[in-house]
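Enquirer: Provide a 3D model corresponding to the input given below.
(one chain, ligands or ions: 1)
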Amino acid sequence: MSSNNDCIKFHLNIEDPNIVFSDYFKKYINGKYHSVYQAELIQPACPYCHSNNLKHNGHYTSNVRFITADASHPVTIRLKKQRVLCNDCLKRSMAQSNLVNKYCHISNASKRKVLAALTEDRSMTSIAREHNLSVNTIKSS
Ligand SMILES: [Zn+2]
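Expert: So this is what the prediction gives:
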């Protein structure tokens with residue numbers, strides 16, 4: 001089987017089974033064409049009680065700047081994180097991913113730090129401030 005999802009994950013070297021890519025397109029942002037990949041992040045089970053009896057409750061979309069070796073071709077992953085309500089323990093949760101933890105090929109230390117910060121799920125504004133980048137670069141919407 002070779003779906004769009006498999007091809008994109010192979011290309012971006014993403015192995016998280018809970019990320020499902022659905023589409024990709026080019027978007028002109030701030031003078032550059034970005035490759036935008038659209039994906040959904042699945043919440044397979046309740047993190048509190050591990051129940052699969054979940055009620056889906058919309059999405060939280062974050063635009064993750066996926067830093068590639070070639071900075072002139074920015075890649076953004078528009079990640080729609082599933083929000084769920086657990087029918088068993090009645091707690092709400094949101095899907096999480098360590099999407100951005102595979103970057104041994106990136107030489108720039110500050111980029112590594114940004115990526116490390118993203119894996120900690122910090123606010124984009126705080127990461128941008130710390131690394132002197134615009135919030136648009138690391139944008140969360
Ligand atoms: Zn639960």
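Enquirer: so where's this protein shaky on pLDDT?
Expert: Along the chain, segments meeting pLDDT under 70 span 1-2, 67-71, 100-141.
Enquirer: helix/strand/coil for the residue nearest to residue 64 when sequence neighbours are not counted?
Expert: Leaving aside its sequence neighbours, residue 64 sits nearest to residue 77 (C-beta to C-beta, 6 or more residues apart in numbering; 4.5 Å). Every residue, glycine included, has its C-beta placed from N, CA and C. Per DSSP: H, G, I helix; E, B strand; the rest coil, the secondary structure class of residue 77 is strand.
Enquirer: what bridges to residue 77?
Expert: Beta-bridge partners recorded for residue 77 (DSSP bridges): residue 37, residue 64.
Enquirer: hmm, it is touching residue 40, no?
Expert: No: using C-beta atoms under 8 Å, residue 77 makes no contact with residue 40, being 10.9 Å away.
Enquirer: those two: which is more packed in?
Expert: Counted by other C-beta atoms under 10 Å, residue 77 and residue 40 do not tie: residue 77 has more neighbours, with 24 against 18.
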